[in-house]
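Asker: Return atomic coordinates for the entry below.
(4 chains, ligands or ions: 4)
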Amino acid sequence: MTTETEHVDSVKTYAVVWIALLILTALTTGVAYIDLGPFSVVVALTIAVCKMLLVALFFMHVRHSTKLTKLVVLGGLLWLAILLSLTMADFATRSWIGA
Amino acid sequence: MVSEPHVESLALREQFNSAEQQKDASSLGMWVFLITEVMFFGGAFAAYTVYRSIYPGVFGAASRTLNTTIGALNTAVLLCSSFTMVLAVRAGQLGRRKQIMAFLVLTLILGMVFLGVKGYEWNEKYVEHHIPGPSFQMEGPGLQDHAQLFFSLYFAMTGLHAMHMLVGAGLLSWLLYQTWRGKFSAAYYTPIDMVGLYWHFVDIIWIFLFPLLYLIDRHGH
Amino acid sequence: MSFRLFPVEASSISAEVDQLLFFLLAVAAFFTVVIFAAILFFAIRYRRRSDNELPRPIHGSIPLEIVWSVIPFGLSMVMFTWGASVFFRERRPPDNALPIYVVAKQWMWKLQHPEGQREINELHIPVGRPVKLTMTSEDVIHSFFVPAFRTKQDVVPGRYTTTWFTAIKPGKYHLFCAEYCGNNHSGMGGWIYVMEPQDYEAWLSGGTPGATLAENGQKLFENLACANCHKSDGTGRCPDLTGLFGKDVKLADGSTVKADEGYIRESILRPEAKIVAGYQPSMPTFQGLVTEEGVLQLIEYVKSLGPNPGAGQAEGLAAPGSR
Amino acid sequence: MTTAVAEERETYLNAGHGVKSWLLTKDHKRIGLLYLFTITFFFFIGGVFATLIRLELLSPHGNLVSSETYNKLFTMHGVVMVFFFLIPSIPATLGNFFLPLMIGARDLAFPRINLLSWYLLVIGGLFAIFAMVAGGVDTGWTFYTPYSTSYSNTWVIATALGIFVAGFSSILTGLNFIVTVHRMRCPGMTWFRMPLFVWAHYATALIQVLGTPVLAVTLVLVLCERMFHIGIFDPALGGDPVLFQHLFWFYSHPAVYIMILPAMGVISELVSTFSRKAIFGYGFVAFSSVAIAVLGFLVWGHHLFVSGQSLFAGMVFSFLSYFVAIPSAIKVFNWTATLYKGSISYATPMLYAFGFIGLFTIGGLTGLFVACLGIDVHVTDTYFVVAHFHYIMVGGAIMGYLGGLHYWWPKITGRMYPEGWAKLSALVIFLGFNLTFFPQFMLGYLGMPRRYHVYPDEFQVLHVLSTAGASVLAVGYLMPLIYFMWSLKYGAIAGRNPWKATGLEWQTDSPPPVHNFDEIPIVTREAYDYSGTVGQEVQVG
Ligand code: HEA
Ligand code: HEA
Ligand code: CUA
Ligand SMILES: [Cu+2]
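Answerer: Ligands and ions are numbered 1, 2, ... in the order given. Model prediction:
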């Protein structure tokens, strides 16, 4: 059994992450006003994923966590993907053929 | 009751063999709990995805009535609260009681600011008749009906998020009390750690709600 | 009281479904017998004879595991493919099918023939001719179920679902509502009368209400003032509906959509949802002003406005309007 | 009995007295018993509803109760049986009691959360009971919109709240199991030395944790729509009722594996113990549990074949449904193979295991019928489906549960039950069950729709057979209730290991002491290694 190794990050690390998060927030808000067509969704979600990764890896210490914790996180995201993709497998193909 | 089979070490419960095992169990338990939360919000996100794909135009128009500036500032407030929260955990790791208290208070205040702003936004919706139901009013093709779907989801999702914030605020207050009573030290600060995970998670939910509800249709037609 | 163990086969698809069933029954029977027999045999052959006996452990066998995973998998893929192909045929009506419109509500079936006959909880159809049902509900979900035809389709409020069948045997068959819909769900049934073509013609002409569906639709079209905008000479700021049905329509957002029943229904009840390229979204919604049955009549009217060209010209309707 | 009072060992049962020591207990064994009482109570409530359903269906004209009442009967039957009986059944009782014992732990990882989850079930149950007493609910256990949100004028809100709360009970149980299995195994208890019962519960816990929250949020959306008249699934506002079905079945299909996997875990224990032989293909049986849990999340749309779901999605979900059948097949074949050259005892638990394998096979195979698109169009929402799921849930899951209860009864109570009566009841249940539900397959293919209060005359004969079977079944279910109570006082003393089984739970006292083991065991052998429990290895057969 591996244990969560005690790891105290420096305040500076946290501060850098925090600033990065604020910058990304400003960025995503700004970009929203530019017409990128369908890509605006892609950009907005990419930035959101980056922010999530920052929070998870640094603030939630996933960076220093056990494999199991990482697996749990990935598993959760995978299940969310199953929910979304198989639901959309219906709604996105309604107009294909027949009923 | 049988006599305690184990040496009463700091807050070690009887089913565990070591403090380490106990900490690992708490941490795993918390992560598993967060996964359930992912799926909980996931259902709402699925509904959002489906309806947005059916009514892109309406969702765009409805989304443009939200105030992006306020939304962005509120996001920033929440991110700041995550920063103070992580500093509280860090203070816990180092066993600095005063610092823990200070950062918890800051986190709590920022959380309350977020909720206050949220309340202000909801009130705006009320004033603008954008609360779904009989009094809902919105001018424009299809908005009277379908925009209600958007706002129903808006209220459901931000409402559930706010409820999680409230629970978080309750947990923070409890932590404050416990810290004040001197329960935590560098050797035992698991509860701070766990509440931290929860707080950051709630933050992550908002990180997605913000662009989905406020931003992605901003450029408009 | 009649008692049977197997339902009649009264549609062209019934026999296909039953054959599929027999295949599945055979597979199921095979595995059930093998497993029951094995358990019985082992239980007797290796029964415990003394309380102290200790059999030699057997830990498993990879080849066996492979065999008994692969064989069921293969069989189940046959089930899937066969079942899917039957399903595919069950779901795709032929082009020449006789259209019937169905509106379900708690707790009755309202059916309309294009010739204008309306029926409640009864449907008369000719034998040997494909029939296509276009169905919607005024309240909750219902389900159109005719066991003798082996067919069933949920009827969902807010949209059209379709089903079709070709009856092959004259007679009287049960119609059931198969989706739970409230208090009188089990009473929401009726009968399908399958008639010889000449009897059907006779039935059609007997007691016919004057107007056909399309004629009723035309009246509605005028009463609701659709005609004020949609002028047949192509003037005005609205698309000409002539020849619309079945074509591909170019939309303002660049996509195209086939002008089928669902599209026209949506155009009437939620005009803003799909805007024809080159037009303003100025059409008001008629939600609440026209019943589901009225919508169906309007559709039939729009259909009657032009030949149904099936595939339709690729250009669609966008061009002829005012640009 | 001797009067050696001073000698009496302390067990979890006599370690504290009075109501409070039970209601505030953190001992997983006592909590398991609290659950046992709770779900037995709900089982009989659900059973009373079933009895009334069957009585009503004796006659085609609906003479016994009104249609409103009938609709409430099957709804409450389904709700109670699924959410308040079968989902908590094995995991929360036998799982709670034995999972820690089987991996050599003193308790679950979070005993207080364990107690909380029992309270949540009770609170949820009180909501449901309130709804039933106040006038009932009539949406069907599936709560399809828009009927549930806008049309039903029964107690939908109270019932949905009850299920919501009970759902959290299930989530917390699952969470506790996952952490316990990961973190609380005793020295030497590696993953591949764990009993299959534990594997099955681990897989179950994954579903509870990943699936239940989606049901919870779906119910929240339904509640919002019903209470505040906002539109989420409302077709009048452009909402899509089929979306509700997707969200509902995203949970409720995997939930059927919450109901069956623990029973499969029990069967693995029984087949091994009563053949006195290691499970054939241990690794395959273990992994197939996890495979079922994972694949089970990919098939929910097979409940929507005629719902207006797209043709493409129907095909995808049908295709994927067949994948989930393969791990189930693997289990059935491995159990059967375990019997080969075993030393097979006909003790009551083993009779239940035989019953389980047979009936689960039939139920599962008919699952292939309904997963087959061409056939499901005809049989969906008919009694064919009713028969399919009762074969698995009553014939399978309850057989497994009863088998497990008989198997571990001596450990739980320290007493044996009367073997003759128990065998008889197993037989009665098996016969009654088949008589009740086999005719329903025929009814279904003939076209008898489910949830029907009145029906055409030609279906009556089969319905009467089914009701006759249900009466036999009811007798079969009452018998254990009686002799189990009897055994508490008069049953023979069981001893530590009456079956000569191998699990760690059999190495401690019956009933076990408060902290399960006087000394934390150290495991050095595989699961199901019988060489230590009985005499010499012999060639059998
Ligand atoms: C414990 C409960 C449980 C379990 C385990 C299952 C297991 C399965 N179920 Fe069932 N099901 C229900 C409970 C359950 N079901 C309920 C409650 C409903 C109705 C809900 C409602 O509408 O109210 C339902 C409805 C239902 C439907 C929808 C029917 C409809 O409404 O039209 C479908 C469709 O695919 C289905 C399929 C399956 C399949 C493929 C399996 C598989 O997992 C079965 C796998 C098992 C085997 C296959 C048997 C063992 C294998 C062999 C002996 C080897 C031979 C195998 C092959 C040849 C492949 N089930
Ligand atoms: C775990 C799940 C479970 C269990 C154990 C059962 C057990 C039984 N079920 Fe049920 N059933 C469901 C889950 C379950 N069911 C579900 C989910 C539905 C769908 C609901 C819906 O459509 O929404 C359903 C629907 C359903 C129907 C279809 C109703 C309809 O569609 O119109 C029928 C009809 O025969 C039925 C019968 C039975 C019978 C006879 C039993 C028997 O096995 C019960 C035997 C037990 C007893 C009989 C209790 C013990 C004895 C007594 C209490 C004493 C005698 C009683 C009196 C003196 C009053 N069930
Ligand atoms: Cu209409 Cu059931
Ligand atoms: Cu299913």
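Asker: Over to residue C:194. Which of the three states is it?
Answerer: Assigned by DSSP: H, G, I helix; E, B strand; the rest coil, the conformation of residue C:194 is strand.
Asker: Can you give me the neighbour number for it?
Answerer: Residue C:194 has 28 neighbouring residues, counting by other Cβ atoms under 10 Å in any protein chain shown. From N, CA and C alone the C-beta is placed, and that goes for glycine too.
Asker: tell me which parts of chain B are close to ligand 2?
Answerer: Within chain B, no position is near ligand 2 by Cβ under 6 Å from any ligand atom.
Asker: Listing request: residues of chain B with sub-threshold pLDDT.
Answerer: B:1-11, B:141-142, B:220-221 (pLDDT under 70).
Asker: what do you get if the cut-off is 80, keeping everything else the same?
Answerer: Confidence mapping of chain B against pLDDT under 80 gives the ranges B:1-14, B:134, B:139-145, B:218-221.
Asker: Show me the longest helix that occurs in it.
Answerer: helix B:143-180 (DSSP state H).
Asker: Buried residues, that helix. List them.
Answerer: B:143-158, B:160-162, B:164-165, B:168-169, B:171-172, B:175-176, B:179 (16 or more other Cβ atoms under 10 Å in any protein chain shown).
Asker: For the closest residue to residue D:454 other than its chain neighbours, which residues are in contact?
Answerer: Counting by Cβ to Cβ, 6 or more residues apart in numbering or on different chains, residue D:62 is the residue found nearest to residue D:454 once chain neighbours are left out, at 4.2 Å. Residue D:62 makes contacts with C:186, D:56, D:70, D:453, D:454, as judged by Cβ atoms under 8 Å, 6 or more residues apart in numbering or on different chains.
Asker: go again using 10 Å as the cut-off
Answerer: C:186, C:187, D:56, D:69, D:70, D:452, D:453, D:454, D:455 (Cβ atoms under 10 Å, 6 or more residues apart in numbering or on different chains).
Asker: Repeat that for residue B:106.
Answerer: B:80, B:81, B:83, B:84, B:85, B:87, B:88 are the contacts of residue B:106 under Cβ under 10 Å, 6+ apart.
Asker: can you tell me which residue is nearest the centre of chain A?
Answerer: A centroid search over chain A (Cα atoms, centre = their mean) returns residue A:49, at 2.8 Å, as the residue closest to the centre.
Asker: just checking, next helix/strand downstream of the longest helix of chain B?
Answerer: For helix B:143-180, the following helix or strand on the C-terminal side (DSSP states H and E) is helix B:190-209.
Asker: And chain A, is that following helix touching that?
Answerer: Yes: judged by Cβ under 10 Å from any Cβ of the partner chain, helix B:190-209 and chain A are in contact via B:193, B:196-201, B:203-209.
Asker: returning to that earlier point: and the residue nearest to the centre of chain A, what element?
Answerer: Using DSSP H and E, residue A:49 falls in helix A:39-54.
Asker: Any part of whichever helix or strand comes after that helix near chain D?
Answerer: Moving toward the C-terminus from helix A:39-54, the next helix or strand (DSSP H and E) is helix A:67-91. Yes: Helix A:67-91 reaches chain D (Cβ under 10 Å from any Cβ) through A:68, A:72, A:75-76, A:78-80, A:82-83, A:86-91.
Asker: Report all helices and strands that the helix holding residue A:49 contacts.
Answerer: On a contact count with 3 or more Cβ pairs under 10 Å, 6 or more residues apart in numbering or on different chains; DSSP states H and E, helix A:39-54 meets helix A:11-31, helix B:68-94, helix B:190-209.
Asker: Residue C:196: which of those is closest?
Answerer: Among the helices and strands packed on helix A:39-54, the nearest to residue C:196 by Cβ to Cβ is helix B:190-209 (63.0 Å).
Asker: centre of the chain versus the closest one, how much separation?
Answerer: 6 Å (Cα atoms, centre = their mean, to the nearest Å).
Asker: same thing with stretch D:405-412?
Answerer: Worked out by Cα atoms, centre = their mean, stretch D:405-412 lies 17 Å from the chain centre.
Asker: Quick one: the strands in chain C, in order.
Answerer: C:98-105, C:108-112, C:118-120, C:122-126, C:130-137, C:142-146, C:151-155, C:161-166, C:171-177, C:190-195, C:248-250, C:256-258 (DSSP state E).
Asker: Is ligand 3 within reach of the fifth one?
Answerer: No: Strand C:130-137 lies out of reach of ligand 3 by Cβ under 6 Å from any ligand atom, never closer than 8.2 Å.
Asker: do that strand and chain B meet at all?
Answerer: No: residues of strand C:130-137 contacting chain B under Cβ under 10 Å from any Cβ: none, with a closest distance of 17.0 Å.
Asker: Quick check: pLDDT value at whatever residue of chain A ends up closest to ligand 1.
Answerer: Residue nearest to ligand 1 within chain A: residue A:86 (14.5 Å; Cβ to the nearest ligand atom). We have a pLDDT of 96 for residue A:86.
Asker: show me what contacts it?
Answerer: B:46, D:246, D:250, D:297, D:298, D:299, D:300, D:301, D:313, D:316, D:317, D:320.
Asker: Redo those as JSON lines? Include secondary structure.
Answerer: JSON lines is the format used below for these (three-state DSSP):
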{"residue": "B:46", "secondary structure": "helix"}
{"residue": "D:246", "secondary structure": "helix"}
{"residue": "D:250", "secondary structure": "helix"}
{"residue": "D:297", "secondary structure": "helix"}
{"residue": "D:298", "secondary structure": "helix"}
{"residue": "D:299", "secondary structure": "coil"}
{"residue": "D:300", "secondary structure": "helix"}
{"residue": "D:301", "secondary structure": "helix"}
{"residue": "D:313", "secondary structure": "helix"}
{"residue": "D:316", "secondary structure": "helix"}
{"residue": "D:317", "secondary structure": "helix"}
{"residue": "D:320", "secondary structure": "helix"}
